[in-house]
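Enquirer: here is a sequence with its predicted model. Questions after.
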Amino acid sequence: MTDARVLTRALADPASTAGLDAEGWTALIAMARAEQLMGTLACRLDGLDLPPKAAELCAAARRSADHARRQALWEAEMARRALAPLGEPVVLLKGTAYVAAGLSAGIGRSIGDLDILVRRDALDAVERALTGRGGWEWVKEDAYDDAYYRDHMHELPPLIHKERDRMIDVHHTVLPLTARPTPDAASMIAESEALDVSADSGGLRLLSPPDMICHAAAHLFADGDLAGGLRNLWDIDRLLRDFGERNGFWPALGARADRHQLVRPVARALRLAETLYDTPVDGDVAGRGRAGDALYVRRLLARDGWGRETRKGLRLAFYIRSHWLRMPPPMLARHLWTKWRKG
């Protein structure tokens with residue numbers, strides 16, 4: 001096994017695992033764990049005739065994923081209760097949004113922090129509500145880090161609940177303020193949809209389907225070094241399969257990508273999902289300029305048969321790229337110098 005293609009193939013076509021030998025199963029499970037896709041893989045393989053040890057590991061992964069799902073929904077409910085008195089829209093993001101909406105991207109998904117999006121003008125009130133009656137407190141109490149988050153980032157410094165030990169990331173937009181694209185966060189919130197229109201959800205909302213894709217693509221290609229990229233790209237595959245047949249979805253996705261200055265990241269996300277997961281995509285939105293896509297594929301698949309990182313030089317290049325995208329060079333130099341001096 002030279003890379004993680006065995007994992008992407010198993011996710012896209014679970015029946016392909018029928019021909020795996022012991023070495024192949026070892027590689028598949030090691031890669032799935034390394035990419036935080038073990039729960040997803042286990043759900044995809046559910047019902048197939050698996051080797052006993054693989055079946056045992058998959059059953060445990062499904063139980064763990066179900067626990068994570070319930071825990072994520074409870075954290076969302078706790079945030080809802082803390083913020084409901086403000087009367088502000090609170091938009092769930094990423095994994096918690098997927099499981100709350102019952103989307104296929106949430107099936108078996110690994111979920112870490114609770115991510116929410118609120119209006120920037122409401123940040124002070126949201127902060128007071130969470131750190132007051134909500135019971136959250138700051139993870140880091142470093143003056144430089146606090147100022148950096150507030151002046152340049154797309155979110156407040158991370159908060160952790162003092163009793164439940166669960167983190168919440170409060171976003172006011174979806175990319176750092178210093179990043180080159182400037183997504184229209186106010187429009188995202190305005191176009192968001194109530195989580196449950198038949199019940200009083202206390203302000204909990206979801207991004208519109210096109211904006212979910214835009215946010216996932218921004219997070220994958222315009223903000224980071226592609227760490228966890230196979231999981232994020234799988235989210236995009238599942239979302240496109242959930243929404244792609246809806247009338248008017250593809251033109252709306254193209255329009256929203258343009259509105260958020262994310263045409264290129266969205267197009268690349270569609271092309272790579274098609275390449276790695278056989279995702280059905282619209283050619284007009286995906287575009288035909290595939291220059292550089294092969295490098296992204298090599299970076300995304302950079303695992304060996306034990307799940308270890310490979311292609312270190314390529315990973316370093318994408319790491320440098322991620323910082324280059326986040327801030328102008330002089331600012332980046334000052335930031336790295338300050339962080340180095342602080343040890």
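Expert: Structure's in. What do you need?
Enquirer: what does the helix or strand harbouring Trp234 contact?
Expert: Using DSSP states H and E, Trp234 maps to helix 229-243. For helix 229-243, the external contacting residues (CB atoms under 8 Å, 6 or more residues apart in numbering) are 4, 7-8, 11-12, 35-37, 40, 94, 98, 103-105, 107, 109-110, 209-210, 212-213, 216-217, 219-220, 249, 269-270, 272-273, 276-277, 279-281, 299-301. Yep, even glycine has a C-beta here, placed from its N, CA and C like the rest.
Enquirer: of the residues you listed, keep whichever come out buried.
Expert: 4, 7-8, 11-12, 35-37, 40, 94, 98, 103, 105, 107, 109-110, 209-210, 212-213, 216-217, 219-220, 249, 269-270, 272-273, 276-277, 279, 281, 299-301 (16 or more other CB atoms under 10 Å).
Enquirer: name the helices or strands packed onto the longest helix along the chain?
Expert: For the chain, the helix with the greatest residue count under DSSP state H is helix 52-83. Under the contact criterion of 3 or more CB pairs under 8 Å, 6 or more residues apart in numbering; DSSP states H and E, helix 52-83 touches helix 22-34, helix 38-45, strand 90-92, helix 94-101, strand 114-117, helix 123-131.
Enquirer: that one: which residues count as buried?
Expert: 54, 57-58, 61-62, 65, 68-69, 72-73, 75-76, 78-80, 82-83.
Enquirer: go on, stretch 120-134?
Expert: For stretch 120-134, by 16+ other CB under 10 Å, it's Ala122, Leu123, Ala125, Val126, Glu127, Ala129, Leu130, Thr131, Gly134.
Enquirer: with stretch 166-181 instead?
Expert: 166-176, 178-179, 181.
Enquirer: then stretch 237-252?
Expert: Buried-residue list, stretch 237-252, by 16+ other CB under 10 Å: Asp237, Arg238, Leu239, Leu240, Arg241, Asp242, Phe243, Gly244, Phe249, Trp250, Ala252.
Enquirer: distance of the second one from Leu226?
Expert: Separation of Arg238 from Leu226 (CB to CB, to the nearest Å): 18 Å.
Enquirer: ok, Gly287 - contacts?
Expert: Ala267, Arg271.
Enquirer: how near is it to Ala10?
Expert: For Gly287, the distance to Ala10 - CB to CB - is 28 Å.
Enquirer: what does Leu83 give?
Expert: Distance from Leu83 to Ala10, by CB to CB: 40 Å.
Enquirer: ok, the buried residues of stretch 120-134 vs Trp306, which is closest?
Expert: Leu130 (40.7 Å; CB to CB).
Enquirer: state the distance from the closest one to Ala82.
Expert: Taking CB to CB, one finds Leu130 at 6 Å from Ala82.
Enquirer: again, but for Leu177
Expert: The gap separating Leu177 from Ala82 is 25 Å, by CB to CB.
Enquirer: send me stretch 73-84 as PDB with only the CA atoms.
Expert: Provided in PDB are the C-alpha atoms of stretch 73-84 (Å, rounded to 0.1, in the frame of the first residue of the first chain):
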ATOM      1  CA  LEU A  73     -26.000  17.300  20.200                       C
ATOM      2  CA  TRP A  74     -26.000  17.900  23.900                       C
ATOM      3  CA  GLU A  75     -23.300  20.500  23.700                       C
ATOM      4  CA  ALA A  76     -25.300  22.300  21.000                       C
ATOM      5  CA  GLU A  77     -28.300  22.200  23.300                       C
ATOM      6  CA  MET A  78     -26.200  23.600  26.200                       C
ATOM      7  CA  ALA A  79     -25.100  26.500  23.900                       C
ATOM      8  CA  ARG A  80     -28.600  27.100  22.800                       C
ATOM      9  CA  ARG A  81     -29.800  27.400  26.400                       C
ATOM     10  CA  ALA A  82     -27.000  29.800  27.300                       C
ATOM     11  CA  LEU A  83     -27.500  32.000  24.200                       C
ATOM     12  CA  ALA A  84     -31.300  31.800  23.800                       C
END
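Enquirer: all the helices of the stretch 151-300 of the chain, residue numbers only.
Expert: 185-190, 209-221, 229-243, 249-259, 263-277, 283-286, 293-300 (DSSP state H, counting those that start in this stretch).
Enquirer: could you dump those helices to a markdown table with distance to His154?
Expert: Shown next, in a markdown table, are the helices of the stretch 151-300 of the chain (distance: least, CB to CB, whole Å):
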| stretch | distance to His154 |
| --- | --- |
| helix 185-190 | 8 |
| helix 209-221 | 10 |
| helix 229-243 | 16 |
| helix 249-259 | 17 |
| helix 263-277 | 15 |
| helix 283-286 | 24 |
| helix 293-300 | 23 |
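Enquirer: want to throw those into CSV with distance to Leu314 and mean pLDDT?
Expert: Formatted as CSV, those follow (distance: least, CB to CB, whole Å; pLDDT from 0 to 100):
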stretch, distance to Leu314, mean pLDDT
helix 185-190, 32, 97
helix 209-221, 15, 95
helix 229-243, 12, 97
helix 249-259, 27, 98
helix 263-277, 15, 96
helix 283-286, 23, 96
helix 293-300, 5, 94
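Enquirer: and Ala30, how many neighbours?
Expert: 20 (other CB atoms under 10 Å).
Enquirer: which two of the buried residues of stretch 166-181 have the greatest separation?
Expert: Arg166 and Pro181 (30.1 Å).
Enquirer: now name the helix or strand holding Glu137.
Expert: Per DSSP H and E: strand 136-138 holds Glu137.
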